[in-house]
Every structure is written in C-alpha cells, then in structure tokens.
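Asks: just need the structure, nothing else, for what follows:
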Amino acid sequence: MKMKLTPQDILTQTFAARMRGFDRDEVKSFLIQVTEVLEGEIQEKESLRRDLARAQEKLNHFERREQVLRDTLVSAQKFSKEIEQHAQKESELIIKEAEMKGEQLLNGAMGRMKELNAEIRSLKFKRREIEDDLVHMLNSLKEMIESYRQQDEEFDKVEYMGK
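Replies: Presented below is the predicted three-dimensional model:
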C-alpha cells in the first residue's frame, strides 16, 4: 500500500542513531532538498489540478453551448421543414382554388355562350320574320302600285276616248 508523505512528514522524520551511521547534517540537508522538491511537485500538481478543473469547466461550458447549438439547429431544421410543408400545402390550396375559379369561369362562359347562341337564333328567326313581312309588304305595295298604274292606264284610256 502506498503511503502518502507530506513535506512536513519528511522534515520531522527522525532516524535512530547508530555507530557508523550517516552524517546527520547531510541527511538533514538532503531531506530539506527532497522536501522542497516535493513541495514544488505538490504545488505544481495543485496548479495542474486547478488548471484541469478550469479546463473541465470550460469544456463543460462548451459542451453545453454545443448542445444548445445542436438543439437550435435541430429546431431550425424542423421549423424550416414545417415552413416548407406549410408553403407546399398553401400553394396546393391556392392552385386548387384557382382551378375551381377557372372551372367556374369556364362554366359561366359556356353558359353565357349558350345563352348568346340561343339569343342569336332567336334574333335570326325574328329577322327572317321581319324580312318575310317586308317582302310581303313590298309585294303588297308592288301589287298596289301596279293596280294604281293599271287604274291610271284605264283612266287615261277612258279619258282619251272621251275626247
């Protein structure tokens, strides 16, 4: 099992004295150097931990922003598709309405054309009746004129004979 040492543990560590042992001042000096290096490593580790925490916070922040952007993009795509579908339905409705109005106009025009054709036939029939009446009247006038001429000729004959 790994034992966790602090710089303080190193500085306060004592060793039993023995004959022919190490120089206490050298050992103490070395332990102070190890303590300083360990303190530096611990501070660097803490600094790296803080940097890592800040980087993790930034990463989380960017991941949240990325998710918001993805959600926004998905929403925008969905909204765009809905607008497109709505526009398609609206254009189909406008086309159907235009076709219905066109049919109504065409039916109205066809009905009006039938009415006009019937009116034209009726007017032609009336014109023929009037033409026939005029021809009959002209014939009657011609006969009347011929009758007057004949009467005038007879009158002229009678008058000539009487002289």
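Asks: what helices and strands are in contact with the one helix or strand Glu82 maps to?
Replies: Under the criterion DSSP states H and E, the helix or strand holding Glu82 is helix 24-161. Helix 24-161 makes packing contacts with helix 7-12 when contacts are defined by 3 or more CB pairs under 8 Å, 6 or more residues apart in numbering; DSSP states H and E. (C-beta placed from N, C-alpha, C; glycine too.)
Asks: who's in contact with the helix or strand of the chain with the lowest mean pLDDT?
Replies: The helix or strand of the chain with the poorest confidence is helix 7-12; it has a mean of 80 (mean pLDDT, DSSP states H and E). If you take CB atoms under 8 Å, 6 or more residues apart in numbering as the criterion, helix 7-12 is touched by Leu31, Ile32, Val34, Thr35, Glu36, Leu38, Glu39, Ile42.
Asks: next, format those as a markdown table and append pLDDT.
Replies: What follows is the contacts of helix 7-12, written out as a markdown table (pLDDT from 0 to 100):
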| residue | pLDDT |
| --- | --- |
| Leu31 | 86 |
| Ile32 | 87 |
| Val34 | 88 |
| Thr35 | 88 |
| Glu36 | 88 |
| Leu38 | 88 |
| Glu39 | 90 |
| Ile42 | 91 |
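Asks: report the buried members of these.
Replies: Applying 16 or more other CB atoms under 10 Å to these, the neighbour count classes Leu31, Thr35, Leu38 as buried.
Asks: look up how far Thr12 lies from the second one.
Replies: For Thr35, the distance to Thr12 under the criterion CB to CB, to the nearest Å works out to 10 Å.
Asks: fine by me, thanks again.
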